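K.L.:
Let's see this in three dimensions:
(chains A and B)
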Amino acid sequence: GAVVSQHPSRVICKSGTSVKIECRSLDFQATTMFWYRQFPKQSLMLMATSNEGSKATYEQGVEKDKFLINHASLTLSTLTVTSAHPEDSSFYICSARISMNTEAFFGQGTRLTVV
Amino acid sequence: TQLLEQSPQFLSIQEGENLTVYCNSSSVFSSLQWYRQEPGEGPVLLVTVVTGGEVKKLKRLTFQFGDARKDSSLHITAAQPGDTGLYLCAGEYGNKLVFGAGTILRVKS
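P.N.:
Residues are numbered from 1 along each chain as shown, chains lettered A, B, ... in the order given. The predicted structure follows:
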């Protein structure tokens, strides 16, 4: 299957700083990328849908100014957690797909810890 | 309210037992996927079901899509410790892939 690479896999940052997570599709062009958040022993909650070249669509309750998403190319999307706080600590996962209704491939996730 | 209701949320069984996980919705889905996720990793796709009434088998795993394409089930025969993990159903909703709450399966040897 296609490969989606997410970086970093783990990051620890101080409260008040910003953290950038990258999601790359390595062997295909992804018109759509999704960002999910997952708490321990819970399911994936969709945060936003990112289409290349346009603004991301955020789910209800997700602060767009706090979770900045950029999808500048067909192979790269970034999620920046701005002014991080301990409650932002979570497992963040991206997925990418070639087009609508095609298989979504997932990154390996990023464990963010804000201290 | 979850678009996809998944049950049970947690299942702890002995090696060799059978189990079924259910995924239900009031909405019709063009397709449903089942994923398995291990701690600290992204989910891995097990199967996609597309046609109402479809049954797919993957070794000891049997997946079924309801006739009305609103529900699906995952049945595991003779569970093994290696089956331990988080099982997730997911469905297309608009242009989004949304997930059920997940089932944590623990198979004890």
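K.L.:
use CA for all of it now, contacts and neighbours both
P.N.:
Noted.
K.L.:
For the residue in chain A positioned nearest to chain B, give me its contacts.
P.N.:
Chain B sits closest to residue A:108 of chain A, with a gap of 4.3 Å, by C-alpha to the nearest C-alpha. Residue A:108 sits next to A:4-6, A:9, A:93, B:40-43 when contact means C-alpha atoms under 8 Å, 6 or more residues apart in numbering or on different chains.
K.L.:
Could you find the two of those residues that are most distant from each other?
P.N.:
A:4 and B:40 (15.4 Å; C-alpha to C-alpha).
K.L.:
what packs against the helix-or-strand element of chain B with minimal mean pLDDT?
P.N.:
Every helix and strand of chain B was ranked by mean pLDDT, DSSP states H and E. The lowest is strand B:96-99, at a mean of 88. Contacts defined by 3 or more C-alpha pairs under 8 Å, 6 or more residues apart in numbering or on different chains; DSSP states H and E place strand B:96-99 against strand A:44-51, strand B:85-93.
K.L.:
what comes into contact with stretch B:35-54?
P.N.:
Residues outside stretch B:35-54 that contact it (C-alpha under 8 Å, 6+ apart): A:91, A:93, A:106-109, A:111, B:30-34, B:55-56, B:63-69, B:85-90.
K.L.:
Show me the shaky parts of chain B.
P.N.:
Scanning chain B for pLDDT under 70 picks out B:1-2.
K.L.:
Enumerate the residues of it near chain A.
P.N.:
Residues of chain B lying near chain A by C-alpha under 8 Å from any C-alpha of the partner chain: B:40-44, B:86, B:88, B:92, B:95-96, B:98-102, B:104.
K.L.:
Specify the local secondary structure of the residue nearest the centre of chain A.
P.N.:
Computing the C-alpha centroid of chain A and ranking residues by C-alpha atoms, centre = their mean puts residue A:35 first, at 3.7 Å. What DSSP: H, G, I helix; E, B strand; the rest coil gives for residue A:35 is strand.
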